[in-house]
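J.: Dropping a prediction and its sequence here:
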Amino acid sequence: MKKNIVIFIAVLMIATVAVFVASCSGTTSPTVENGGSETESRAAEANETEGVASGEITVYTALEDEQVEEYLEVFNAKHPGIKVNIYRESTGVVTAKLLAEKSNPVADVVWGTAASSLLVLDDQNMLEPYAPEGVGNILAQFKSSKPVPTWVGIDVWETAFTINTVELEKLGLAVSDISSYEDLLRPELKGHVVMSNPSSSGTGLLTVTGLLQLKGKGTGTGWDFLTQLHENIDQYVHSGSKPAKMAGAGECVIGVSFGYAGIKQVRDGNPVVVVFPSEGSGWDLEANALLKKDSIDPAAKVFLDWAISDEAMNLYKANYPILANGKGGKYDGFSSDPVDQLIDNDLVWVASNRESVLYDWTEKFDGKSAPQK
Amino acid sequence: MNSSIRRWFSRFRFWQFVVLVAVLLAFTVILVFPLFSLFSKAFLNNAGEFAGFDNYSKYFSTPSLSASIKNTLDIALWSTLFSGVLGFLYAFALARTRIRWKTFFKYTAMIPIFIPTVVHALGLVYMFGRQGVLTRAGLFPFELYGRLGIIISEAIFTFPQAFLMFFVALEFADGRLYEAADSMGASPLEKLTRITLPEIKYTIINAFFVCFTLAFTDFGAPKVIGGSFNVLATDIYKQVAGQFNFNMGAVVGTLLLIPALASFTVDRLVSSKNSGTISAKATKLMIAKSIKRDAFFFCLCSLVTAFFLFLIAMLFVGGLSEHYPYNLSLTLKNFLFNRSAGGVDSYFNSLKMAFLSAAFGTAFVFVYAYMMEKINGFGALRKYGKLLSVLPLALPGMVIGISFIFFFNDRGNPLNFIYGTIAILVVSNILHYFSVPFFTASGCLKKLDKEYESVASSMNVPQWKTFLRVSVPLSLPAILEIFMYLFVNAMVTVSAVVFLYNAKFKIAAVAIIHMEEAGNFGQAAAMSLLILAINVLVRILYEAAIKIIKEKRL
């Protein structure tokens, strides 16, 4: 009678092993990696003169999944010999992982990750100075100020409101009523504005530090404004793009998020419009850097060179019109030049006041803000 | 003659000692060492110098931060209360009533652990959010984002755990006690409070701590629908992933251990008084007919089940429609996953990882539990082992992820070679989900009579033979349960592995997060369906195996 049990267990095991074997054969199919496919080898022949470098590098990035896929195809066509392994996570996770790996870095390159994060890595002496080819084209305010830069920006992301027009009308307001930060204080909006929490989100931080700078550093006016804004805030969320997504889904009326996140909601067909505050937007850069390691793979430098080339910049432009080389474009359907939108951001001030700003912000608004309805 | 027996005996003891030390050492290396590398930072300042308790006093002196402690206790208590009471009633319905559809109800009770937690949150928003179908229909208008939302989703998240523990406990009953009570004219309420509850009091305490600790440390729900309601787990996230302050993160991490340490203390106090084993003379409990009782419990089970089914209905709608919610025509295109998130390979990677986690994890957990329950002596070592066994329950995935990086990525660590491989994912899963299977295994082993071991050793049968020929076969249901638990959790987990997966080895649950973040709801739903499917399949195999085992025994 025990035999049957044994047989049954055996079947169970075989089933799982079958799944296991299937999974092994699954990974051998040439779909996930970026190197070595047929089209690429054909491209290699076409580009014989250019793509001579080879190697395998690990790149950490906070760029969007789809963007990574699109950009890498272009890179691989040019440099088929270089195999790029991508670790893509949110800015916070990428940065925390990089810092935790400090004693024995795994990544060769950081790509498209917040400059404010790279400043933290730089502070800890984790970045290798490297001037990629064409770094001269990058505007001075968009790269590290060191003689040989430790990080180089590629594009800019900036505070923007994503407004759900359907829900806004229900409050008796029109889109034309919302054009500035001041407009967010309208009493009709009480409990309808969602914003990122600056202590967990880079977008939240750039919005808050942007506002503080707009209203005059250290004058207290900025904090007064934030206190008034707090009255209308429904919740502070732990992600930069979430306010825009919530506005898109109608879970809030106005999401204070960043430009691309809102544009994406528009492209996805949600009833939203994106508004850039008339006073100006706080901003941060998506930037690249080389990690300090015992031996630096030359392929990493080839990648960094490519990542600020005109070819790459043109790809970035479709999603982030403000480029670090100043040759930006426009957001579809938005007439104003997005560069004029940026405030005069003092990144050094932000970096050195980050801790105290967050402490004060947390003290004033966080934790006391549990919805009491 | 006499001395040769003693030699035999001491040889048993020697091997017992070796195995005990081996499992404890292994667990120390994957639990204590990594935790130490992170938690020691709680006592360092930003410059890396020793700072005593400065970080703690800083943390407690910020009113908005220490309010998180109060909030965390609040939501953990309420959600434990909900999931505990519901889990008990649901288990009671399946074990002690004569309602129909028991098998069906048993499957649906497990739904919450078959799908990634982000899907629960999406489901709740879809039902109760501002645009939720129930909200718009005017039903249940309450503020989802914040305290209530967290309590509901933690209750859902912990419900299967509570249900399973109560179900196992309620399934065993001594029919003689109830017959005696009936003959004395005891009311159902009296039977409940005088027989049933006292019999399972150990389970009640255990279930309370498991649910409480899980809710206390969970980060998923507070992040997605917690609104501005701060809990300790979101504080850790802010410190680590928002401000990159590992020292403060470590401070909060150590505070999260408090419930686990408390449960260890209580466990020590309770289990010394707990007899545990089922008497060999126990008779099968005959469940009396009662239409009123069965009607009540059937309605209760149906309600819970309907709620859970609603939660996954959106997966089917979202995963199988062209562009949810605008174009609902049927399609399979969502199953053609984008390559960047790992594509369909991530699913097979997850299967591989989950299978290895379950296989190695089950063996490890069971041997570990055996060493804790079935050998005599070595009191201090076993106490240490029991203390370690409850700690993983209290570790948020983020703490495991970061501390594994610190420890295993260190150049000086001889185990450095596993960093960045599938092995570290497997080890982190085994550690992350160790505690509940350990309770299952030790609960089961406690019920086996210790006589087997004493008879065997008096007959000079090596203990490994007793282990393989008696303990393992008798514990097969529990072993399968553990395998299934580890497999299912490894399929859906994100929080620890998100820091540890390799650029070349992407996994499905992480891919779901990426798809959802990118607004690609259709693909996220489709991937969740695949995960749900394999988890249901594993559960079906498990139930079939149990059925066969039971039929053979009776």
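T.: That came through fine.

J.: Just the element for the closest residue to residue B:478 other than its chain neighbours, please.
T.: Distance criterion Cβ to Cβ, 6 or more residues apart in numbering or on different chains; nearest residue to residue B:478, sequence neighbours excluded, is residue B:444 at 3.8 Å. Bear in mind the C-beta positions are built from the backbone N, C-alpha and C, glycine included. Per DSSP states H and E: residue B:444 is located in helix B:435-447.

J.: helices or strands up against that helix?
T.: The criterion is 3 or more Cβ pairs under 8 Å, 6 or more residues apart in numbering or on different chains; DSSP states H and E, and the helices and strands that helix B:435-447 contacts are helix B:147-171, helix B:201-217, helix B:345-373, helix B:379-390, helix B:476-492.

J.: could these be laid out in TSV, adding distance to residue B:302, mean pLDDT and mean neighbour count?
T.: Output for those, formatted as TSV (distance: least, Cβ to Cβ, whole Å; pLDDT from 0 to 100; neighbours: other Cβ atoms under 10 Å in any protein chain shown):
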stretch	distance to residue B:302	mean pLDDT	mean neighbour count
helix B:147-171	15	91	23
helix B:201-217	23	88	23
helix B:345-373	31	94	24
helix B:379-390	35	90	17
helix B:476-492	24	92	24
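
J.: and those helices as TSV, adding distance to residue A:350?
T.: Below are those laid out as TSV (distance: least, Cβ to Cβ, whole Å):
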stretch	distance to residue A:350
helix B:147-171	32
helix B:201-217	33
helix B:345-373	37
helix B:379-390	43
helix B:476-492	38
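
J.: quick one: average pLDDT of stretch A:93-102?
T.: For stretch A:93-102, the mean per-residue pLDDT is 94.

J.: what does stretch B:289-304 give?
T.: Here stretch B:289-304 scores 93 as its mean pLDDT.

J.: Just the C-alpha atoms of stretch B:286-293, please, in PDB.
T.: C-alpha atoms of stretch B:286-293 as PDB (Å, rounded to 0.1, in the frame of the first residue of the first chain):
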ATOM      1  CA  MET B 286     -18.800  12.700  14.200                       C
ATOM      2  CA  ILE B 287     -20.200  15.900  13.000                       C
ATOM      3  CA  ALA B 288     -23.800  16.300  13.900                       C
ATOM      4  CA  LYS B 289     -26.300  17.500  11.400                       C
ATOM      5  CA  SER B 290     -27.300  21.100  11.800                       C
ATOM      6  CA  ILE B 291     -28.900  23.100   9.000                       C
ATOM      7  CA  LYS B 292     -28.700  26.400  10.800                       C
ATOM      8  CA  ARG B 293     -25.000  26.000  11.500                       C
END
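
J.: and residue A:217, which of the three is it?
T.: coil (DSSP: H, G, I helix; E, B strand; the rest coil).

J.: quick one, what contacts it?
T.: A:346, A:349 (Cβ atoms under 8 Å, 6 or more residues apart in numbering or on different chains).

J.: Please apply the same query to residue A:223.
T.: Contact analysis of residue A:223 by Cβ under 8 Å, 6+ apart lists A:212, A:360, A:364.

J.: Can you tell me which of these has the most neighbours?
T.: Using other Cβ atoms under 10 Å in any protein chain shown as the neighbour test, the contacts of residue A:223 are led by residue A:212, with 25 neighbours.

J.: who are the neighbours in contact with that residue?
T.: Neighbouring residues of residue A:212 by Cβ under 8 Å, 6+ apart: A:222, A:223, A:357.

J.: circling back to that earlier point, mind listing which of the contacts of residue A:223 are in strands?
T.: With strands taken from DSSP state E, there is no overlap with the contacts of residue A:223.

J.: Looking at those, which is nearest chain B?
T.: Taking Cβ to the nearest Cβ as the measure, chain B sits nearest to residue A:364 out of the contacts of residue A:223, at 8.3 Å.

J.: Can you name the residue of the stretch 151-300 of chain B nearest chain A?
T.: For the stretch 151-300 of chain B, Cβ to the nearest Cβ, closest residue to chain A: residue B:241, 3.1 Å.

J.: surely that residue meets residue A:93?
T.: Yes. Contact criterion Cβ atoms under 8 Å: residue B:241 and residue A:93 qualify, at 5.8 Å.
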